[in-house]
Each structure stands twice: as structure tokens, then as C-alpha cells.
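> Quick one, fold the following:
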Amino acid sequence: MAGRAKVMRMSVELPMWRALAGYRVLTMLYAIGFFATAHSGFVRPWPAVGYYAVLLVWTLATLPRVANAASCTKRFLAADLTVALTGILLTPFTDDPERVMGGGPTLPSIWTAGSVLAFALKGGWRWAALASTLVAAANLAERGTFARDTLHNVLLVWIASIAIGYVVEVARASERTLARALEIEAATRERERLARDIHDGVLQVLAMVQRRGAVIGGEAAELGRMAGEQEVALRTLVSGGLVPVSRVSEDSADGAVVRVVDEPEEDAPDAPVDLRALLAPYAGARVHLAEPGTPVPMAPAAARELAAAVGAALDNVRRHVGADARAWLLVEDEPDGVVVTVRDEGPGIPEGRLAEAEGQGRLGVALSIRGRLRDLGGTAELISVPGQGTEVELRVPRRT
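Residues are numbered from 1 along each chain as shown. Below is the predicted model of the structure:
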């Protein structure tokens with residue numbers, strides 16, 4: 001059954017956008033509340049009332065626009081900044097000139113900072129610098145003079161917005177790097193899984209065709225030679241690895257995206273299976289199976305992987321010791337895990353032979369056995385004494 005795609009979206013920006021939406025609402029209420037308490041000092045209050053009506057409707061209607069970077073378009077940012085700048089420039093026309101010259105707040109007050117921060121979250125520090133510069137120019141035009149408090153307010157908005165914009169850019173770069181790393185990890189695991197399957201089937205069949213073709217001779221020998229060449233090429237491909245193509249977010253401003261493929265539906269955790277039932281087919285005249293008298297329950301996926309590792313170990317016995325070699329399987333159901341031991345009566349493995357085989361692309365032990373156990377969170381211990389056979393201990397923790 002085909003695997004199902006799963007999308008994991010990672011974004012540190014989403015909390016920032018939510019905070020911005022809350023900030024816009026609160027500062028809008030603050031600006032209206034200040035006007036309500038000081039409206040008697042305005043020389044022309046009705047234009048201010050009209051502006052605050054527009055500000056109220058605009059802030060509430062555009063909340064979906066500041067939900068994420070994708071919704072916050074350039075056209076919206078331009079219109080939002082225009083609302084802020086209009087309120088600043090309208091202040092001298094509506095408010096008391098003495099209060100304006102004394103450093104009183106503008107009509108939008110601190111709501112203006114929310115508009116600038118939207119630029120920072122959307123486009124980084126460069127966009128923030130542009131928006132804060134326009135706000136600074138409007139504040140200087142509104143005051144008509146270069147006062148110290150005006151300078152302080154302008155610098156505060158300018159520095160804060162640029163700093164936040166820079167942090168957003170760094171966060172996006174970090175998310176893309178993390179997404180790339182997770183992609184590589186997922187692709188590596190998939191490559192190892194495919195390598196195990198190939199080793200368990202295709203490579204062994206090609207090796208058998210090569211050996212049998214050499215024995216039979218004639219046209220079969222040529223077929224065996226071709227099978228041997230394909231075995232070498234396939235081993236090289238399997239051991240060489242794959243470099244996955246990065247599939248980072250279609251909209252990087254919305255957070256880094258990693259696409260992974262779940263295991264097939266049939267591998268989803270379900271009712272436990274009895275490991276003994278999966279190992280029973282391996283028992284025979286040459287393979288003696290010793291198991292507990294009670295079921296050995298395991299998660300279906302873990303049980304199948306453990307059984308496949310046992311099968312790979314028995315294949316190595318038949319291949320390197322002989323078709324008539326005897327082997328023993330011992331299943332132990334321990335409180336913290338399951339242990340399966342595979343022992344043979346062969347001559348043992350010379351020291352350094354496994355590392356040499358892995359360097360030649362023969363990854364039976366590395367992938368089909370140790371790789372499977374590693375994916376399950378378990379271990380595969382190999383003990384071999386020359387002249388006394390080989391013992392492989394496969395241990396899988398109870399929770400995988």
C-alpha cells in the first residue's frame with residue numbers, strides 16, 4: 001500500500017503574527033480611548049472622529065491580513081501604512097496646536113508601530129527601515145520642528161522594527177536549514193530501508209545466478225557474468241547513498257516545510273502480533289527454534305523488522321557456512337525487551353572481515369541486520385570465535 005504524505009510546518013513567525021494582531025487591536029482601543037478622554041481639547045474634533053471610525057473598521061476588518069505572511073500582501077502593507085501616515089499628518093489640523101508642539105500623541109498614537117512591524121515580519125529589516133523612515137518623516141512634518149522627544153520616538157521605532165526584521169530573517173534561514181537536515185535524515189532512512197530489501201532479494205538472486213551460471217557453463221556462464229556485473233553495480237549504488245532534492249517551503253515566508261512519507265498504512269501500530277508466529281517458518285531440519293511457551297507480543301512493524309533481521313542472519317549462515325549447516329534460534333521475552341539469538345556451527349568470522357566486506361559494498365550485516373535493529377532502537381551484537389561458530393544477538397526494547 002502506498003505511503004501517505006505528511007507535511008510538517010515549522011515556523012517561529014506564527015506567534016509573532018498573532019502577537020501583532022493583538023497589538024493592533026489593543027493600540028487601536030488605546031488611541032480611541034485617549035481621544036474620548038481628551039476630545040474637548042481638540043479644535044476640530046469631527047475630522048478626528050471620522051478618522052477613528054476608519055481606524056476601527058480598518059483594524060478589525062484586516063485582522064485576517066495579519067494572520068500570516070502569505071495573507072499580508074504588499075498592497076495591504078502600503079494601504080495600512082497610508083492609514084497610519086494620514087492620521088499623523090491629520091493631527092495638527094484637528095488637535096490643539098499647543099498640545100502638538102508640546103509633544104502630544106498623534107491621532108493613531110502607538111498604533112503606527114504595528115504597521116511598521118508588519119513590514120518587518122513580512123520583508124525583514126530592509127522593509128522595516130523603509131516603513132520606519134516614512135513614519136519618521138511624517139512625525140517631523142506633523143511637529144514642524146526637530147524636537148528631542150520626536151527624535152527619541154523616531155529612533156525607538158526605527159531601531160526596534162529593524163531589529164525585529166533582522167531576527168525574522170535569521171529565523172527563516174534557521175528553519176530552512178532544519179528542514180533540509182530533516183529531509184536528508186528521512187531520505188537516508190529510506191535509502192537504508194531500500195538497501196535492506198535489495199540485499200535480501202535482488203542481490204542474493206544475482207549472486208546465485210552468477211554462481212550457478214559459472215557451474216553450468218555455456219550460455220549460462222555468460223548470463224552469470226552479466227548477473228555478476230549487475231550485482232557489483234547495484235551494490236555500488238546501494239552503498240554510495242543518495243542526495244535528496246531539497247523541497248523547502250513553497251512559501252518560505254510561511255515557515256519551512258518538510259515533506260516525509262509515513263510508513264504504509266499496514267505498518268501503522270495496531271494490535272500486537274506474536275513474534276513466535278513470524279519466526280516459526282524459519283524452523284526446520286537444520287534450524288532449531290527454542291521459544292517461550294507463551295506469546296511474545298510486539299508491535300507489528302517491529303516484529304516484522306526483527307523477523308527479517310533473523311532471516312538475514314540465517315541467509316548468511318547458509319551462504320558462508322553451507323546449505324547443510326545447522327543453526328539455532330533462541331527467543332527470550334524479557335521485561336524490558338525481546339532478545340533473539342542466532343547461532344551457527346561454522347568456522348567463525350575472521351577479524352576485520354566485516355569491515356572489509358562493508359568496504360566492498362557487501363552490506364548484509366551492516367544494513368539487513370544492524371540497520372534494522374538500529375531503526376527499532378535496538379542493538380545487534382555479533383560474537384564470533386574462529387573455529388567455534390558465530391552468534392548474533394538481536395535485542396529490541398519493549399517500546400520502540
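
> quick one, helices of the stretch 51-200 of the chain?
74-94, 97-101, 111-123, 125-143, 148-198 (DSSP state H, counting those that start in this stretch).

> where do the strands sit along the stretch 251-400 of the chain?
Taking DSSP state E, counting those that start in this stretch, the strands of the stretch 251-400 of the chain run over residues 256-261, 273-274, 287-290, 297-298, 327-334, 337-344, 379-384, 390-397.

> Report the mean confidence score over the second one.
In this model, strand 273-274 has an average pLDDT of 88.

> what about stretch 296-313, distance to the chain center?
28 Å (Cα atoms, centre = their mean, to the nearest Å).

> returning to that earlier point: which stretch in the strands of the stretch 251-400 of the chain has the least confidence?
Among these, strand 256-261 carries the lowest mean pLDDT (a mean of 46).

> gap between V54 and T62?
From V54 across to T62, the span is 12 Å (Cβ to Cβ, to the nearest Å). All C-beta spots, glycine's among them, are computed from the backbone N, C-alpha and C.

> Count the residues that sit near the nearest residue to V338 once chain neighbours are set aside.
With Cβ to Cβ, 6 or more residues apart in numbering as the measure, V396 is the residue that lies nearest to V338, at 5.1 Å, once sequence neighbours are left out. Neighbour count of V396, defined by other Cβ atoms under 10 Å: 25.

> ok, V396 - contacts?
M298, A302, L306, G337, V338, V339, L373, L376, G377, G378 (Cβ atoms under 8 Å, 6 or more residues apart in numbering).

> JSON lines for these, including neighbour count and distance to I32?
Below are the contacts of V396 laid out as JSON lines (neighbours: other Cβ atoms under 10 Å; distance: Cβ to Cβ, whole Å):
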{"residue": "M298", "neighbour count": "24", "distance to I32": "65"}
{"residue": "A302", "neighbour count": "25", "distance to I32": "62"}
{"residue": "L306", "neighbour count": "26", "distance to I32": "67"}
{"residue": "G337", "neighbour count": "18", "distance to I32": "65"}
{"residue": "V338", "neighbour count": "22", "distance to I32": "68"}
{"residue": "V339", "neighbour count": "17", "distance to I32": "72"}
{"residue": "L373", "neighbour count": "20", "distance to I32": "66"}
{"residue": "L376", "neighbour count": "22", "distance to I32": "62"}
{"residue": "G377", "neighbour count": "13", "distance to I32": "59"}
{"residue": "G378", "neighbour count": "21", "distance to I32": "64"}
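
> now the strands of the stretch 251-400 of the chain in JSON lines, with distance to N139?
Output for the strands of the stretch 251-400 of the chain, formatted as JSON lines (distance: least, Cβ to Cβ, whole Å):
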{"stretch": "strand 256-261", "distance to N139": "37"}
{"stretch": "strand 273-274", "distance to N139": "72"}
{"stretch": "strand 287-290", "distance to N139": "85"}
{"stretch": "strand 297-298", "distance to N139": "70"}
{"stretch": "strand 327-334", "distance to N139": "73"}
{"stretch": "strand 337-344", "distance to N139": "69"}
{"stretch": "strand 379-384", "distance to N139": "67"}
{"stretch": "strand 390-397", "distance to N139": "64"}
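
> So which of the ones you listed is nearest E185?
Closest approach to E185 among the strands of the stretch 251-400 of the chain (Cβ to Cβ): strand 256-261, 9.2 Å.

> Report the separation between the nearest residue to E393 once chain neighbours are set aside and L55.
Take E393 and drop its neighbours on the chain: the residue closest to it by Cβ to Cβ, 6+ apart is E381, 4.4 Å away. Taking Cβ to Cβ as the measure, E381 falls 71 Å from L55.

> So if I had to pick from the two, which one is more boxed in?
L55 (22 against 13).

> pretty sure the more buried one contacts L29?
No. Applying Cβ atoms under 8 Å as the test, L55 and L29 come out as separate, 10.3 Å apart.

> Can you find the helix or strand of this structure with the lowest average pLDDT?
Lowest on mean pLDDT, DSSP states H and E among the helices and strands of the chain sits strand 256-261, with a mean of 46.

> from what I can see R143 touches M101, true?
Yes. If you go by Cβ under 8 Å, R143 and M101 touch, sitting 7.2 Å apart.

> Neighbour count for the two, which is higher?
Counting neighbours by other Cβ under 10 Å for R143 and for M101 shows that R143 has the greater number, 20 against 13.

> State the three-state secondary structure for the residue located most distally from the centre of the chain.
Largest separation from the mean C-alpha position in the chain: V43, at 58.6 Å (Cα atoms, centre = their mean). Counting by DSSP: H, G, I helix; E, B strand; the rest coil, the backbone at V43 sits in coil.

> Got phi/psi on it?
Torsion angles at V43 (phi, psi; degrees, to the nearest 10) stand at phi -80, psi -30.

> wait, doesn't it sit right on D96?
Yes. Between V43 and D96 there is a contact at 5.9 Å, judged by Cβ under 8 Å.

> Under the pLDDT cut-off, which ranges of the stretch 101-250 of the chain? List them.
Residue ranges of the stretch 101-250 of the chain with pLDDT under 70: 103, 144-154, 191-204, 229, 231-250.

> err, the stretch 301-400 of the chain, not the other one
Applying pLDDT under 70 to the stretch 301-400 of the chain picks out residues 348-368, 399-400.
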